[in-house]
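Q: this one's sequence-less:
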DNA sequence: TTAAAGCATACTAAATTAGTAGGATATCGG
DNA sequence: CCGATATCCTACTAATTTAGTATGCTTTAA
C-alpha cells in the first residue's frame, strides 16, 4: 500500500508554492528546489491545473501560483488531482458481481473514507513551517 | 493508492477459514470458493503461515486453519503479513537525507498510523456474517 | 518579433505485481 | 511400508503500473 511519487512530488511542489502564495514561480525553479525532474513536474502541475488547484501564466515571467489560499487546499485535493479518487482496492467505487458474497469490500470502503477524511483535514498552510 | 490483490485475496481466504474456525480446509477448496488461482493462493497462505496467522497440516486430509481465534486476528495483521509494514510512502520508516527540509513526510506518517489503527480494529470475526 | 515560459502527445525504461511451472517434502490411511 | 494427497520451495514469465524522457507546438510579456 503506497501512494505514488506523483503524490509526493506534487505535494512538495504545492507546499513550495504555498510558502510564497502571492508570487508566481516557474517550473524550473520549483523543480530545482525540490529536486524533481523538470519535465515530470511539468506534467504534474498540468494535472493540478486541470483540477483548478493552481493557475498558470504563459510567456516571459510566467509560472504557477496557487489558485486558492493555502488554507483552503487540502492534501486530499492534491492527491486526488494526481492519482484519482481515493479507493484503496480496485473494487471500491465500482459494482462487483461477487458483491453479494464478498466479505471484504466493506473494509476497503471504511478505510477509503477514513483516509480521505484524514487527508482533508491537513491543509497546505499546515505544512509551510 | 491501492492495496494489492494479495491483500484482497489473502483477506478473503482468511475470512473463509474464519467461517468454520474449527476445521482445516485445503487450498483447492478455498481457491474454488473464493475464485483465486490455486498456485497463487498457495503462496499467500505460506506467507500467512510464516506470520503465524494460520497453521498448516500436510498429508492426506491436511489443509489450513486459523492459528488464533478469528476474534484475535485483525485485517491489519493479514495485510502486514502479505504486504509488509503499512507505510503509505517510500520515505516512511526510513531516514531520508532531505528530511530536514521535507514538508510532507509528517503527512504520510500520520496517515500510516491512522490506517493501521483503522485496520487493527476490524477483526476477522467482524467479517464472517 | 523573439525569447521565455507553459501545453500536449507519444514514447521508453524501470519497477512492481500477478500469476505459472515443476518438482521436493511430509504424512495420513490402508 | 506404499502411495495418494497435500503442503512447501524456488525460479521463471507475463502483465500492468509508474516514472521519466523526447520533441515540438502555442501563448504572451517585454
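A: Thanks, I have the structure now. Just so we're clear, the structure is a prediction, and the values are computed from it rather than from any experiment. Residues are numbered from 1 along each chain as shown, chains lettered A, B, ... in the order given.
Q: State the pLDDT value of the nearest residue to residue A:9 once chain neighbours are set aside.
A: Closest residue to residue A:9 apart from its sequence neighbours, by C-beta to C-beta, 6 or more residues apart in numbering or on different chains: residue A:36 at 4.9 Å. (C-beta placed from N, C-alpha, C; glycine too.) Turning to residue A:36, the model gives it a pLDDT of 93.
Q: pretty sure residue A:36 contacts residue A:8?
A: No - assessed by C-beta atoms under 8 Å, residue A:36 is found out of contact with residue A:8, at 9.2 Å.
Q: Compare those two (neighbour count), which wins?
A: Ranked by neighbour count (other C-beta atoms under 10 Å in any protein chain shown), residue A:36 and residue A:8 place residue A:8 first, with 24 against 21.
Q: Three-state assignment for the residue nearest to residue A:9, please.
A: In the three-state summary, residue A:36 is assigned as coil, counting by DSSP: H, G, I helix; E, B strand; the rest coil.
Q: give the contact list for it.
A: Applying C-beta atoms under 8 Å, 6 or more residues apart in numbering or on different chains, we find residue A:36 in contact with A:9, A:12, A:13, A:30.
Q: Also within reach of DNA strand D: list those from the residues you listed.
A: Here is what survives when the contacts of residue A:36 are matched to DNA strand D using C-beta under 7 Å from any atom of the strand: residue A:9.
Q: Please spell out the ChimeraX selection for the buried subset of the contacts of residue A:36.
A: Those of the contacts of residue A:36 that count as buried under 16 or more other C-beta atoms under 10 Å in any protein chain shown are selected in ChimeraX with:
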select /A:9,12,13,30
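Q: For chain B, see how far away the residue nearest to residue A:9 is.
A: Residue A:36 sits 11 Å away from chain B, going by C-beta to the nearest C-beta, to the nearest Å.
Q: Give me the distance between that residue and residue B:29.
A: Going from residue A:36 to residue B:29 by C-beta to C-beta, to the nearest Å gives 50 Å.
Q: again, but for residue A:22
A: Going from residue A:22 to residue B:29 by C-beta to C-beta gives 65 Å.
Q: Neighbour count: the two, which is higher?
A: Shown here are residue A:22 and residue B:29; by other C-beta under 10 Å, residue B:29 has more neighbours (13 against 6).
Q: residue contacts, the closest residue in space to the more buried one that isn't next to it in sequence?
A: Excluding the flanking residues, the one nearest residue B:29 by C-beta to C-beta, 6+ apart is residue B:63, at 7.8 Å. Going by C-beta under 8 Å, 6+ apart, residue B:63 touches B:24, B:25, B:26, B:27, B:29, B:56, B:57.
Q: Also residue A:48?
A: So, once contact is read as C-beta under 8 Å, 6+ apart, residue A:48 ends up touching A:10, A:13, A:14, A:54, A:78, A:81, A:82.
Q: and it, helix, strand or coil?
A: Secondary structure, three-state DSSP: residue A:48 is helix.
Q: could you measure it against chain B, distance?
A: 15 Å.
Q: do the same with residue A:11
A: From residue A:11 to chain B the distance is 5 Å (C-beta to the nearest C-beta).
Q: Same check on residue A:75?
A: 6 Å.
Q: OK, contacts around that residue?
A: Going by C-beta under 8 Å, 6+ apart, residue A:75 touches A:11, A:119, A:120, A:122, A:123, A:124, A:127, B:107.
Q: Correct me if wrong: residue A:111 contacts residue B:115.
A: Yes - when contacts are counted by C-beta under 8 Å, residue A:111 is listed as touching residue B:115 (6.7 Å).
Q: separation between residue A:41 and residue A:123?
A: Residue A:41 is 22 Å from residue A:123, by C-beta to C-beta.
Q: same check, this time on residue A:34
A: 19 Å.
Q: tell me the contacts of residue A:16?
A: For residue A:16, the contact set (C-beta under 8 Å, 6+ apart) comprises A:25, A:30, A:33, A:34, B:103.
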